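Build me a model:
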Amino acid sequence: MLMSGRVQPERELKEIPNLVSYTLDDGLKMLENRSITVGSIVYEATEDIPKGKIIRTSPSAGGQLEENDTITLYVS
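I've put the predicted structure just below:
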């Protein structure tokens, strides 16, 4: 039922790819190709993943972002 007389435009959702173990450069290119904006990059020391590789993202892979949302990359 439409109450206000205005139709809300449908928001485009973008699926977040799994970037774990990608280099930062490759991950950034993949996000750019999907028109996903990186909000911040956080560097964390880890012994399990080589330096310069993506550890995780927030929101996580498989999630969805709306048009103006950003993603945070965590990099070793």
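
can you pull out the strands in the protein?
14-15, 37-43, 54-58, 64-65, 70-75 (DSSP state E).

Restrict stretch 43-53 to CA atoms and write it as CSV.
Output of stretch 43-53 as CSV, limited to C-alpha atoms (Å, rounded to 0.1, in the frame of the first residue of the first chain):
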residue,chain,number,x,y,z
TYR,A,43,46.9,-2.6,8.8
GLU,A,44,47.3,-5.5,11.4
ALA,A,45,50.3,-7.7,12.1
THR,A,46,49.7,-11.4,11.6
GLU,A,47,52.0,-14.4,11.3
ASP,A,48,49.5,-16.4,9.2
ILE,A,49,49.0,-14.2,6.2
PRO,A,50,51.9,-12.6,4.3
LYS,A,51,52.4,-8.9,4.5
GLY,A,52,50.3,-6.9,2.1
LYS,A,53,47.5,-9.4,1.8
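
mind checking how far that stretch is from the chain centre?
Centroid separation for stretch 43-53 versus its chain: 19 Å, with Cα atoms, centre = their mean, to the nearest Å.

again with stretch 17-34
9 Å.

And the contacts of that stretch?
If you take Cβ atoms under 8 Å, 6 or more residues apart in numbering as the criterion, stretch 17-34 is touched by 14-15, 37-38, 41, 49, 52-57, 61-62, 71, 73, 75. For glycine as for every other residue, the C-beta is placed from the backbone atoms N, C-alpha and C.

just the buried members of these?
14, 49, 53-57, 71, 73, 75 (16 or more other Cβ atoms under 10 Å).

I'd like the strands of the chain laid out as JSON lines, including mean pLDDT and distance to Leu31.
As requested, the strands of the chain are exported to JSON lines (pLDDT from 0 to 100; distance: least, Cβ to Cβ, whole Å):
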{"stretch": "strand 14-15", "mean pLDDT": "94", "distance to Leu31": "9"}
{"stretch": "strand 37-43", "mean pLDDT": "97", "distance to Leu31": "6"}
{"stretch": "strand 54-58", "mean pLDDT": "97", "distance to Leu31": "9"}
{"stretch": "strand 64-65", "mean pLDDT": "94", "distance to Leu31": "10"}
{"stretch": "strand 70-75", "mean pLDDT": "98", "distance to Leu31": "7"}
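
That's all I had, so thanks and see you.
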